[in-house]
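Chemist: Provide a 3D model corresponding to the input given below.
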Amino acid sequence: MSTQINGISSMATRQVLADLVANFQRQTGQSVHIESVGGVDAAKRVQAGEAFDVVILASDAIDKLIASGHVAGATLDVFRTEPLPADHVFWQHPKITVTPHTSARTLREESIAQIVGKMQALQRGEPINGVVYHQRGY
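Modeler: All right, here's what the predicted structure looks like:
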């Protein structure tokens, strides 16, 4: 397995990142360490030249780090204002990619096969997986 992925993030994201990292490590076997510190401290460490594979900060901090040459580019998905306004500079920024809140692209053939399989299982009275339970909150 390759070397550990090292990252830094603001404290505001520490719990969700802990959950994501644990899940990623279970699924891939890849070692990940994300250090959660204050956002200002994280930006200062990046500016000081400390190397990280992943930097997770507020979009304005990332924009400043890119402008100063401390971060080569960014892929951004979540913003303080959602949806990101059509005239926002990030849409045209050459070093920033804005993603549409998708965890993965839907693969048409695989999706059709899955739907057909579930419909057939239901017709046979068999249980299916992936059921949404709104009353449980998921």
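
Chemist: per-residue pLDDT, residue 54?
Modeler: The model reports residue 54 with a pLDDT of 90.

Chemist: ok, now residue 21?
Modeler: 90.

Chemist: how far away from the center of its chain is the helix or strand hosting it?
Modeler: In the assignment (DSSP states H and E), residue 21 maps to helix 14-28. Offset of helix 14-28 from its chain centre (CA atoms, centre = their mean, to the nearest Å): 11 Å.

Chemist: and for stretch 20-38?
Modeler: 12 Å.

Chemist: pull out the buried residues from it.
Modeler: Neighbour counts using 16 or more other CB atoms under 10 Å place 21, 32, 34, 36 of stretch 20-38 among the buried residues. All C-beta atoms are positioned from the backbone trio N, CA, C, and that covers glycine.

Chemist: what's that stretch in contact with?
Modeler: 1-11, 13-14, 17-18, 45, 54, 56 (CB atoms under 8 Å, 6 or more residues apart in numbering).

Chemist: could you rerun that using 7 Å?
Modeler: Identification of contacts with stretch 20-38 by CB atoms under 7 Å, 6 or more residues apart in numbering yields 1-2, 4-11, 13-14, 17.

Chemist: list the buried residues of stretch 81-89.
Modeler: residue 84.

Chemist: pLDDT of that stretch, averaged?
Modeler: 88.

Chemist: pull stretch 94-101 out as CSV, backbone CA atoms only.
Modeler: Only the C-alpha atoms of stretch 94-101 are listed here, as CSV (Å, rounded to 0.1, in the frame of the first residue of the first chain):
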residue,chain,number,x,y,z
PRO,A,94,-8.6,28.5,-13.6
LYS,A,95,-7.3,26.7,-10.5
ILE,A,96,-10.6,25.9,-8.9
THR,A,97,-13.1,23.2,-9.9
VAL,A,98,-16.6,23.4,-8.5
THR,A,99,-18.4,20.1,-8.1
PRO,A,100,-22.2,19.5,-8.0
HIS,A,101,-22.6,17.7,-4.7
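
Chemist: got a ChimeraX select line for the buried ones in the contacts of stretch 20-38?
Modeler: Per 16+ other CB under 10 Å, the buried members of the contacts of stretch 20-38 correspond to this ChimeraX selection:
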select :5,7,8,9,10,13,17
